[in-house]
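> Please work out how this folds:
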Amino acid sequence: MSREIKITMLGATGVGKTSLLTAMYDQFENTIGQTNLQLIPDLKSNAILQEKLGELKSLVDEFEATGGIQQTRRGVNSFIFDLGKKGGKPSIRLNFQDYYGDYLNANNPFSDLEKVQNLINESVIILIAIDAPALMEAKGQYNEMINRPQQIKNILAKAFQELKEPRLVILAPIKCEKYLQNAKSTQELLRRVKDEYANLLGFLSSERLLPWVVTVVTPVQTVGKVVFSHIDVIKEGGKKVPIFKFHKNHIHAKYSPKDCEQPFRYILRFLLKQEINRINYHWGPFSFIRSWFNLDQEIKEAAQNVVKDCKTNPQDGFAILQGKQYL
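So this is what the prediction gives:
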């Protein structure tokens, strides 16, 4: 039986957690899938992802859009992927956990907040989806409302108490096509991530956590040709609510995502390094990885090929902020 690694998609409602996961899976076949590795979703995950992929691709059907797919229904969805050599039995299982974003709202039952906290407590990899327009536009006034960096910091602070095993935290700005058009805007995107998530990053780099936590930034263009246009503000329940609008950058533009596989590359790079790390320590949930790679040299070589194309250049918006020893 394949071993399981739990990964949680972290973010509030509407930031694009499900869109990110959908685009990651879709682009796996076009990039990493060209190696000897295969990623096979279970039947339920496959059905949901195909439905979400159709919604994602339909965003380029009209010139203007509101920029996302239908939000996850109440509850927690586990997207199960078996990873292994093509034509062989799976060697490892990746369990991506995606929850109903409204669970982070204060007016929900405490039990809903606990569900999210428990997911993070159990996960060795945390994938934080960041709504880039909320981060970048209107001088960032909607960032706390939509991306909730302080709430995310507090959730991780509780999960990482007395941490003694490696963890990977991926900050993934999405809907960021507008901000990756040139070197200046790309650098500004990376700077704003560091500034607006300074409390989280400062916590992760604290004396107790720095030896254990890997933190990386991986911008993802989930659609590729749909860019932020403007914000419409409407009144809802007496409050002003921003509606982010997007449009195609060309009337004939087609669905063309970019760098969606990069979070997968970092995940595999992280797992691979646990096998070759020479520190003599009990690795807890990673203890099986040594035998996994040693038993199948072909999988080890395929994973190493995947790692070679992992982007790390800040000029492209990518950055390893800490924990390079685990990558």
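> so L321 sits in a strand?
Yes. Assignment of L321 by DSSP: H, G, I helix; E, B strand; the rest coil places it within a strand.
> Is the nearest residue to S205 once chain neighbours are set aside bridged to anything, and to what?
Excluding the flanking residues, the one nearest S205 by CB to CB, 6 or more residues apart in numbering is Q322, at 5.5 Å. From N, CA and C alone the C-beta is placed, and that goes for glycine too. With beta bridges defined as DSSP bridges, Q322 has these partners: T215.
> Could you report the neighbour count for Q322?
18 (other CB atoms under 10 Å).
> now swap in A129 and tell me
Using other CB under 10 Å, A129 has 29 other residues around it.
> where are the low-confidence patches of the stretch 1-150 of the chain?
1-3, 33, 60-75, 100-103 (pLDDT under 70).
> tell me the contacts of the residue nearest to S205?
Neighbouring residues of Q322 by CB atoms under 8 Å, 6 or more residues apart in numbering: L204, S205, L210, V213, V214, T215.
> Now list the buried members of these.
Using 16 or more other CB atoms under 10 Å as the burial test, these include L204, V213, V214, T215 as buried.
> from memory the second one sits against K164, does it?
It stands for V213. No. Checked against CB atoms under 8 Å, the pair V213 and K164 is beyond contact range at 11.5 Å.
> mind checking the SS state of the residue nearest to L200 when sequence neighbours are not counted?
Take L200 and drop its neighbours on the chain: the residue closest to it by CB to CB, 6+ apart is K153, 4.0 Å away. Following three-state DSSP, the label given to K153 is helix.
> For the closest residue to G224 other than its chain neighbours, give its distance to L200.
Leaving aside its chain neighbours, G224 sits nearest to S256 (3.7 Å; criterion: CB to CB, 6+ apart). Distance, S256 to L200, using CB to CB, to the nearest Å: 31 Å.
> I251 now?
I251 is 40 Å from L200, by CB to CB.
> So which of those two has more stuff around it?
L200 (21 against 7).
> Next one: that one relative to T186, how far apart?
As judged by CB to CB, L200 and T186 stand 21 Å apart.
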